[in-house]
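Chemist: What follows is a predicted protein model with its sequence.
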6 protein chains.
Amino acid sequence: MTRNKVITFGEIMLRLSTPGHSRFSQAECFNATYGGGEANVAVSLAHFGVPAGHVTRFPDHEVGHAAALLLRKYGVDTSHIVYGGPRIGIYFLETGASVRPSKVVYDRAGSSFEHIQPGMLNWEQIFADASHFHWTGITPAISQGAADTCLEAIKTANRMGITVSGDLNYRKNLWQYGKKASEVMPELAAGCDLLFASRSDMEEILGGPVQDTEADRFVNTCKEMTRRCPRAQKIVNTRRSSVSASHNTLHAMLWDGEKLIKTGIQEINPIIDRIGGGDAFVAGYLYALRHYHTDKDVLEFALAASVLKHSIPGDANLVTAAEVEPIMRGETGGKLSR
Amino acid sequence: MTRNKVITFGEIMLRLSTPGHSRFSQAECFNATYGGGEANVAVSLAHFGVPAGHVTRFPDHEVGHAAALLLRKYGVDTSHIVYGGPRIGIYFLETGASVRPSKVVYDRAGSSFEHIQPGMLNWEQIFADASHFHWTGITPAISQGAADTCLEAIKTANRMGITVSGDLNYRKNLWQYGKKASEVMPELAAGCDLLFASRSDMEEILGGPVQDTEADRFVNTCKEMTRRCPRAQKIVNTRRSSVSASHNTLHAMLWDGEKLIKTGIQEINPIIDRIGGGDAFVAGYLYALRHYHTDKDVLEFALAASVLKHSIPGDANLVTAAEVEPIMRGETGGKLSR
Amino acid sequence: MTRNKVITFGEIMLRLSTPGHSRFSQAECFNATYGGGEANVAVSLAHFGVPAGHVTRFPDHEVGHAAALLLRKYGVDTSHIVYGGPRIGIYFLETGASVRPSKVVYDRAGSSFEHIQPGMLNWEQIFADASHFHWTGITPAISQGAADTCLEAIKTANRMGITVSGDLNYRKNLWQYGKKASEVMPELAAGCDLLFASRSDMEEILGGPVQDTEADRFVNTCKEMTRRCPRAQKIVNTRRSSVSASHNTLHAMLWDGEKLIKTGIQEINPIIDRIGGGDAFVAGYLYALRHYHTDKDVLEFALAASVLKHSIPGDANLVTAAEVEPIMRGETGGKLSR
Amino acid sequence: MTRNKVITFGEIMLRLSTPGHSRFSQAECFNATYGGGEANVAVSLAHFGVPAGHVTRFPDHEVGHAAALLLRKYGVDTSHIVYGGPRIGIYFLETGASVRPSKVVYDRAGSSFEHIQPGMLNWEQIFADASHFHWTGITPAISQGAADTCLEAIKTANRMGITVSGDLNYRKNLWQYGKKASEVMPELAAGCDLLFASRSDMEEILGGPVQDTEADRFVNTCKEMTRRCPRAQKIVNTRRSSVSASHNTLHAMLWDGEKLIKTGIQEINPIIDRIGGGDAFVAGYLYALRHYHTDKDVLEFALAASVLKHSIPGDANLVTAAEVEPIMRGETGGKLSR
Amino acid sequence: MTRNKVITFGEIMLRLSTPGHSRFSQAECFNATYGGGEANVAVSLAHFGVPAGHVTRFPDHEVGHAAALLLRKYGVDTSHIVYGGPRIGIYFLETGASVRPSKVVYDRAGSSFEHIQPGMLNWEQIFADASHFHWTGITPAISQGAADTCLEAIKTANRMGITVSGDLNYRKNLWQYGKKASEVMPELAAGCDLLFASRSDMEEILGGPVQDTEADRFVNTCKEMTRRCPRAQKIVNTRRSSVSASHNTLHAMLWDGEKLIKTGIQEINPIIDRIGGGDAFVAGYLYALRHYHTDKDVLEFALAASVLKHSIPGDANLVTAAEVEPIMRGETGGKLSR
Amino acid sequence: MTRNKVITFGEIMLRLSTPGHSRFSQAECFNATYGGGEANVAVSLAHFGVPAGHVTRFPDHEVGHAAALLLRKYGVDTSHIVYGGPRIGIYFLETGASVRPSKVVYDRAGSSFEHIQPGMLNWEQIFADASHFHWTGITPAISQGAADTCLEAIKTANRMGITVSGDLNYRKNLWQYGKKASEVMPELAAGCDLLFASRSDMEEILGGPVQDTEADRFVNTCKEMTRRCPRAQKIVNTRRSSVSASHNTLHAMLWDGEKLIKTGIQEINPIIDRIGGGDAFVAGYLYALRHYHTDKDVLEFALAASVLKHSIPGDANLVTAAEVEPIMRGETGGKLSR
């Protein structure tokens, strides 16, 4: 058996978005899809042809089942999903335009995933055909059980020789269960071979800003981070600049332990859907690791994948590698393909 | 100041229904509206020209606000609604047809309403211009706080000389907080001047079936119920017969303490939306009490209102009294009105 | 040049209907189409392969033009339509179900058609390739100008040897311009070779009920009608019975001057759209006159066409003769055609 | 009783817009909402937390009632609306893009509001709890009755010590009833404490351009305007520059009787819906008068409110003050809010 | 490895249906799904919890891929689908009502499946974990290649000891490639252990009606059929009676080689979607074979499954066994499930 | 009879586009319209008031008829369309945004038009009232029969003194029937009085690049082209530059045999629908030839028409000349028209 599957783990929510640019108070219906930071990575990898499986917990009712069906439709192995608990988390989305921001209202408290506990998932079996495990900082922010289960997964992966990546993604509105990120995250990050993190994500984990020893503060923080998490060889980050809700720019950078590698800046105008842009980057990066040979190329592919995501409605980057490649090469003119 | 308003109290949920007759797994969008047994009564009364206000608790975010806007649109006073707590309850609805039942998936646990507590609402102020208070058996089934707040309302109403009606509506899937209906409901029912209840609703409150002393078991149960709740002068009930999910019949009956009064049987075919049919009956009854002089007429109006509701999409009976009257008179042929 | 075209004349309105069975107060959008009693006849005839042209007056703006485009799409000659005046009439439609009637709200006052005047239309040119002219009682009810223009058309048709049919269709909510039907209609009816009329339509024209000399009151009225309008050889009528807004029955009858010919009774269940059912009957009759040899067959084809119309959304009967024929033969089982 | 309500007065129309960027001839359905320049101000004020009531006249049928329901939903007091007359005005809207302009087809002639007459509204009662009255130049352009009723309102407001603002908004396609703006408007404007007007709006009232005495022609015109309307202390104006139908810029200016105060220029790209942009400015201005202390701040808030409106579908600016404030502070990047 | 999978083989088409009851000429959009007689069986089996895989050939483009995604979503193994050839077959569907039949327009000529050839599919590998193979008479009707590939599958299945069922389903509009059913079908039917067939289906294969030796002509034909196909132990059939396009009745029967077993008659009213009703019966039968012990029970479950299908939009019966069981028990009243 | 009609000839396809910016795999429905390069020219000309007829071949079923109805709706004479053959060609369209290109999947093989043969169309009768014939390079690329029929049309037009234009439009994915463009196109081009062609289109016909004798390679190629096709007096071309899928620029040029005439560059941002942009240019050119007197003006009108097309959903440029004229004059600011 080839061990080449990527396993992702995390909560999936029902996404209810108002049609067009309607406000919540105007909406007579909601477009419905399902997504989550980690599952979005799995769906994108499956579209790139990388075997991918997602592990989560859904309520055992028709709406929970429908969420799993969507993952399965898009090629993700759903056979390790477990069912039980009270509900599926929900987020409501209103899509902005020009000066008006998009707005998310979360209704995720009390979800089946929040009630997950170590022992509910058989990680050895889940990782049987896997070569990589990916998690994000959202999971340990949800509940002690989710944090513990995530740690359980990372330790199992480390023990089984499976590489681990973590997207440290700090969301201050989460972390409601009594722990701070700086108490929980360091042990999880320490199990990672690859980190996706901004300077501020890392500062939350490190407990505050790092003393400046060099000109670039991101580099400073990466140095401290890798000192604490020596397993992590690379730290990767994207930076977004918002001209308006409809027009952003994006670039990416990577600290390889010795130097900072940067991409150029990509324009995104108009933005169709910016949810999942970061997840698309991660998936692009993990795919590109298998197909490109330099950090620069891997980074450029990941950035192009993320840029392309902004044109796709929904959470997940439903594009093939063949669609990303021209963007990576700078063919961003969008000429009609027939 | 005229005191003639009807106040209703209870949870309102976001209703998410699949379009047409789609299954949950097919739905790419949900039609969205807001409803609840007690609020449906208020909306219907407002359409009949009866001043009506609804009291509930919503989360203080855009979706909670949107729920209040819908009530306000349909003429219900929303000025006593309080805001706070985690979330709005949700129910998912799939509309059946012929042999396939409609299906409801509830996601109401942990709602802002579930966390309501006595003292959060100023009942004296709420009832300042009211002449009637209506509640249902769903509220005390949700949480101890909701039950206590409901009792607080009933006692205040009794004290202020406001008539009280209760729809005893027993739902066995609720009642999760450690109490049984038979422990909680009797005190609430005892404060009512008017009860809407089926035999089985009453049996849950009475703790089981009543010994048969007469031919009609409903009458038997009514006698025992009014013995325990002497304030209640009348007990009103509807009975539904299901030919199919698309075709039902409905009739109503009333125990006036001495005799059973019955309506004829009405055909409903096809059913457009059967949610809220019982609430429409209650609203029709409360309106008719003010406009008709015999129990029979009141009952017939209420039944006609309920039948008409089944043709209206959504939870609430958006019809005028002038639209109910012909149905009550037997003009059920649906001749084009122009 | 073959003279075989049927010309119809009358107002066309923008029809705005709420989606599904929504009430007006729930509608966030309206389905839009265009229709009118006479134009519906023309569209149906064109679908039966009979050359048909419609004459009306639209405002000279995009919405007026869109109305003409729809007629043209469905094969009706629109080259004699004139443009000018303030507005297109509108009617709002809410589709009922079971006991709830469909409801029409008219907004037709002040239309471009209401301001039509004799001389605006060149009837000789319009009738150049025509063999038949059809009008309805709605037109003379709209305004003096419309009545005068209709009379102008009938007289020209009579002079040119073109057969004329009139659907006497009395609508009491029209007739707002100061004249009564009994003052205006007799002269118009007198120019007709064929009349579509119910007993009550005729009584409005005759100024009241006819003295009973025979058992059948419709026959009595027909006799008096043909005495006053000797040109009319036949009077045709349909009768609808409403089980509910979703279920009607229909049958037809014809007075040939000597005897009453009747069809059987057809069931219509469910009704998709009953607007235009009468116009479909007229079109079916006019088509069948050219293809069937007995009054009974003509009547049965017309009835089948009308029944079929009730399954078609919109005002017009978008069906071919080949689709009507099986219904006429009693093949009403609706077996899947593939 | 606190007197702090803003009363607006004017016609409300049913707005029927084609979906997406469809042309009228392509539309099979219309999105439906209700709006009018003055009512849009009331809805926006209600969203800013300012008590607001709108006064108008609707036909007494389901579509007229639905219009009132929408206002009520959005928090506007509708208790002084009167019902009667033939119809609700309609406007059809086709939304342009890039070089293609949006297009409005009006169908407002003969509306219930056009037939309004002095005496139909009890202004003293309407103004009982009001501190401000707002009208626009559209109302006196509709009919003599509307102009007279508007004057009646202004005079009552003046007499009761209620401040009055007028948006002089000249539309040359209106003014069909035989009077010119220069005959009617001066008396109305003379009752105002605050004017919203462009130079050309004022020239129509003044009967033509003002002799240039200063460099800035707007200032020249303001001087002459305030000479004729000495009650008006400030004249406020916005200027729009159209790069394309999808991309505009906007800035505002205010003549305080002594000097011209100007905002910076705001970019709007893309435009979701530009109808009601001016009304949003007025509402922003009236709100800001109560919350900001300098003309500059009031103007900047109003401009930010107007800019934000262009991102909201429909006529009215459904945003809170908390949403306008960041735009006013220059935070126009539209960063995702979660 | 457990060998318990059911493999189905056949063409899948893109189904484009007009919305609601619109005619083709009215449709501005089409609802899109994918289905085919054999794949419908696989989807239904997967919903019943039976492992199911479908084998077919799609064009290697986005629309072909989308078809496979839908099967995968609904739980069908798609790993043996092959890609290539020019196109996916299409069928257009217009849904009738009351007397108007639903209408199908096929556009399936020249499909990728039509060009299938023996050798393109590795049947031994496909059947590795299978216990049953199902095909229908549509496949050999499409092309010589499809017929040959079907025979190849049947022979492989016979050799590997896998049971085979065939739905003989004769469609006279197919069979365009130069062969008659009676030339091709006998060899395919001879490989079957179980046949689904009406009398007329069998007569097409047998080359004409069978000489009557018994009262029941279906039994006569079954006897002759099993004489020619001795492997087939049972022949199963459904009979539909059409009251209207909206109302059918259905019953089923089974010849077990010795006697005829019949179900009662089930009412279906209204019909939401009758496409795939027969496939739902087959899937119900194959599932019930594994769970029920008498022919009668198996037949009743299959009939209930088919009846339920008529309430599900789309080709496939998206229901669980737990949903079929109450219908089988006669609980057809469609009571709301909450 | 005035001979002033423009006849166009070519295939029309059913266009199925995903809603909004959805991917094919996300689409649950398709928007449906009908279009083709030549028919798009006819529709646009009809909107400009130029009599236009289109000739093609459709299958004789409801979908083929619906295609003809759409042309007729938009004012194109469809009386010479012939019916027969297997199917209507289809193309699936996914609309891109920013860096993501729009994508077309063709499903046109085996169409009724592909099977067209000389003799099926009576060109003398078709051209009876025509003054111009237009064809494109797509037609001869479809099949030998289509190429031959096109040549038949051109020769008949030449013989009857009707001017001919050809849009040489080379699509390398077509030309599957065994001939190369350079074998077929020269004879067709030789019959043209006016050519629309890019340099690369011409090189395909000429069999390769032309030897450079002048600075401008387009001019070089035009010179060689007109040497081989002496009838062609002018060669017209547009050039598109793609900033992104949402933002293009466009300009046009014309070789008049002696000099190159160029327009300025027009911005298109955002693009609503770029399909048919070239056809809109051709229609604009043919209309402008009748209304403007200089090549520059004709070219500028055609360019403005093409730019405007990009704002119209669907294939065809549904705009009047009065809407193009302001764009031509540089009024591209898209100011609201009311």
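Modeler: Good, I have the coordinates.
Chemist: part of a helix, is A:R290?
Modeler: Yes: secondary structure of A:R290 (DSSP: H, G, I helix; E, B strand; the rest coil): part of a helix.
Chemist: Next, see if stretch A:134-154 gets close to chain D.
Modeler: No: using C-beta under 8 Å from any C-beta of the partner chain, stretch A:134-154 stays clear of chain D, coming no nearer than 11.6 Å. For every residue, glycine as well, the C-beta is placed using N, CA and C.
Chemist: and the nearest residue to A:A190 once chain neighbours are set aside, what is it in contact with?
Modeler: Using C-beta to C-beta, 6 or more residues apart in numbering or on different chains and skipping the chain neighbours, the partner closest in space to A:A190 is A:C229 (4.8 Å). Listed by C-beta atoms under 8 Å, 6 or more residues apart in numbering or on different chains, the contact partners of A:C229 are A:186, A:189-190, A:192, A:195.
Chemist: among these, which are in helices?
Modeler: A:186, A:189 (DSSP state H).
Chemist: out of the contacts of A:C229, which are buried?
Modeler: Among the contacts of A:C229, those classed as buried by 16 or more other C-beta atoms under 10 Å in any protein chain shown are A:189, A:192, A:195.
Chemist: Go ahead and confirm A:L299 touches A:A252.
Modeler: Yes: using C-beta atoms under 8 Å, A:L299 is in contact with A:A252, at 5.2 Å.
Chemist: so what sits against both of these two?
Modeler: Here A:L299 and A:A252 share the contacting residues A:236, A:263, scored by C-beta under 8 Å, 6+ apart.
Chemist: Can you point out the buried residues in the helix or strand containing A:H251?
Modeler: Element membership of A:H251, judged by DSSP states H and E, is strand A:247-255. Residues of strand A:247-255 classed as buried: A:247-248, A:250-255 (neighbour count, 16+ other C-beta under 10 Å).
Chemist: Please apply the same query to stretch A:45-61.
Modeler: Buried residues in stretch A:45-61, counted by 16+ other C-beta under 10 Å: A:45-48, A:50-59, A:61.
Chemist: Then stretch A:280-300?
Modeler: Buried residues in stretch A:280-300, counted by 16+ other C-beta under 10 Å: A:280-289, A:292, A:295, A:298-300.
Chemist: Can you pick out the most distant pair from those residues?
Modeler: Farthest-apart pair in those is A:A280 and A:D295; separation 18.6 Å (C-beta to C-beta).
Chemist: quick revisit: hmm, who's touching the strand holding A:H251?
Modeler: A:218-219, A:222, A:226, A:234-243, A:260-271, A:274, A:277, A:281, A:295, A:298-299, A:302-303, A:306-307, A:310, D:269.
Chemist: Would you list the buried entries among those?
Modeler: Buried members of the contacts of strand A:247-255, counted by 16+ other C-beta under 10 Å: A:218-219, A:222, A:226, A:234-238, A:240, A:242-243, A:261, A:263, A:266, A:268-271, A:274, A:277, A:281, A:295, A:298-299, A:302-303, A:306-307, A:310, D:269.
Chemist: from those, which ones fall inside helices?
Modeler: Going by DSSP H, the helices hold A:218-219, A:222, A:226, A:277, A:281, A:295, A:298-299, A:302-303, A:306-307 from the buried ones among the contacts of strand A:247-255.
Chemist: Residues of the stretch 1-150 of chain A that sit close to chain E?
Modeler: A:69-70, A:72-75.
Chemist: Give me the subset of the residues you listed that lies in helices.
Modeler: Those of these mapping onto helices are A:69-70, A:72-73, per DSSP H.
Chemist: distance between the ends of stretch A:170-186?
Modeler: Stretch A:170-186 has an end-to-end distance of 13 Å (C-alpha to C-alpha, to the nearest Å).
Chemist: Distance from stretch A:305-316 to the middle of the chain?
Modeler: Per C-alpha atoms, centre = their mean, to the nearest Å, the displacement of stretch A:305-316 from the mean C-alpha position of its chain is 13 Å.
Chemist: Helix or strand: which one has A:C150?
Modeler: helix A:144-160.
Chemist: neighbouring contacts of that helix?
Modeler: Counting by C-beta under 8 Å, 6+ apart, A:9, A:11, A:55, A:113-118, A:120-121, A:123-124, A:127, A:130, A:133, A:135, A:139-141, A:163-164, A:166, A:177-179, A:184, A:187-188, A:191-192 sit against helix A:144-160.
Chemist: Put the buried members of these into a PyMOL selection.
Modeler: A single PyMOL command selects the buried members of those (16+ other C-beta under 10 Å):
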select buried, chain A and resi 9+11+55+113+114+115+116+118+121+123+127+130+133+135+139+140+141+163+164+166+184+188+191+192
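Chemist: ok, the closest residue to A:K262 other than its chain neighbours to A:G37 distance?
Modeler: The shortest distance from A:K262 to any non-neighbouring residue, by C-beta to C-beta, 6+ apart, is to A:M253 (4.7 Å). Counting by C-beta to C-beta, to the nearest Å, the gap from A:M253 to A:G37 is 20 Å.
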